[in-house]
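In: Next comes the sequence, and after it the predicted model I'd like to discuss.
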Amino acid sequence: MQNSHLLASLIGSRICHDLISPVGAIQNGIELLALEGAVRGPEMLLISDSVSAASAKIRFLRVAFGLPGHGQKIGPLEVTRILDDLSQSGRVTFDWTPQGSFERSDIQEVFLALLCLESAMPFGGTITVTRPDDSAVGWEVSGPAQTARPDPAVWKTLQTGDGADAVMPAHVQFALLPALVKERFGAIRLIETDVSLTIQF
C-alpha cells in the first residue's frame, strides 16, 4: 500500500475507533432506559433510531476506509449485519449473495463500490453483490444507477484513476477504489444498461 493510502487508512481507522465507543455507550444507555421504561414516546424513538444509524454508518466506514489487517477476514454474518443495519436508515437496501469469509481488503473494495453506486441512486433501490464462480471477474456490484450521477467525470476516474486529485471529498470512494484495485494489478469495468449499472473488479 502506498504511503498516502496507508496514512489515509490509518486516519480513517483512528477516527472510526474514537467515534464507535461513545456512540456504542449512548446506544447501550438508551436501551437500558427503554427497558426500565424511564423514557417513552416519539422523541425516544427518534434518538434511538439516530444513534443506531450512526453506529451502523461508523462500522461500515471503518471497513471501507480503515486499515485492513494483514490476513484478517470477515465472515458473511458480520457483513450482512453491517449492511442490514445500514439499510434501516436509508432508501438503499443490500443483497449480499457470496458465501464464506473473505479478506477484509476484499470487503473494503466492495464497500467502496457500494458507496459509488449509492451516490448515483437518488431514489434508492437494492444493490446486489455477487462473486461469480465461473468468471474471471472477482466481484460484481450492481444497482439501479446511471453514470450521469453524481458526475460523469468521477466514473471515468473510477475506471482509470485519472483525475483523482480533482475529486471532491464526498466522492473520495471513486478515487480510492481504483487505487486499491491497481495495487493488486486488477482492473475496474463498468457495464451500464438503461436500468442498471454494474461495477466489476
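Out: Done, it's in. Residues are numbered from 1 along each chain as shown.
In: can you pull the buried residues of stretch 70-88?
Out: 74, 79, 82-83, 85-87 (16 or more other CB atoms under 10 Å). C-betas here are computed from N, CA, C, even on glycine.
In: ok, now stretch 155-163?
Out: In stretch 155-163, counting by 16+ other CB under 10 Å, buried: 155, 157-158, 161.
In: Can you pull the poorly scored residue ranges out of this protein?
Out: Across the chain, residues meeting the criterion (pLDDT under 70) sit at 1-3, 5, 38-39, 134-137.
In: got the residue ranges for the strands in it?
Out: Along the chain, the segments classed as strands by DSSP state E run 73-74, 92-96, 102-103, 125-130, 140-143, 189-192, 197-200.
In: tell me what the first one is packed against?
Out: Strand 73-74 makes packing contacts with strand 102-103, helix 104-118 when contacts are defined by 3 or more CB pairs under 8 Å, 6 or more residues apart in numbering; DSSP states H and E.
In: Would you quantify the distance from residue 101 to residue 111?
Out: Separation of residue 101 from residue 111 (CB to CB, to the nearest Å): 15 Å.
In: more neighbours, those two?
Out: Taking neighbours as other CB atoms under 10 Å, residue 101 and residue 111 compare with residue 111 leading, 24 against 16.
In: Contact partners for the nearest residue to the more buried one once chain neighbours are set aside?
Out: Leaving aside its sequence neighbours, residue 111 sits nearest to residue 64 (CB to CB, 6 or more residues apart in numbering; 3.9 Å). Contact analysis of residue 64 by CB atoms under 8 Å, 6 or more residues apart in numbering lists 108, 111-112, 114-115, 173.
In: What angle do helix 104-118 and the longest helix seen in the chain make with each other?
Out: Across the chain, the longest stretch assigned as helix under DSSP state H is helix 3-36. Angle of helix 3-36 versus helix 104-118, following axes from the mean of the first three to the mean of the last three CA atoms, to 10 degrees, is 80 degrees.
In: now helix 3-36: how far from the chain's centre is it?
Out: 16 Å (CA atoms, centre = their mean, to the nearest Å).
In: cool, stretch 182-199 as well?
Out: Its chain's C-alpha centre lies 16 Å from the corresponding centre of stretch 182-199 when counted by CA atoms, centre = their mean.
In: And stretch 21-40, by the same measure?
Out: Distance of stretch 21-40 from the chain centroid (CA atoms, centre = their mean) equals 27 Å.
In: Likewise for stretch 97-106?
Out: With CA atoms, centre = their mean, you get 14 Å for stretch 97-106.
In: got it, and stretch 71-91?
Out: Relative to the chain's own centre, stretch 71-91 is displaced by 9 Å; criterion: CA atoms, centre = their mean.
In: what's in contact with it?
Out: 49, 52-53, 55-57, 59-60, 63, 93-94, 96, 98-104, 107, 121, 123-125.
In: So which of the contacts of residue 64 is the closest to residue 33?
Out: Of all the contacts of residue 64, residue 111 has the smallest distance to residue 33: 32.2 Å, by CB to CB.
In: how close does the closest one sit to residue 170?
Out: Between residue 111 and residue 170 the distance is 16 Å, computed by CB to CB.
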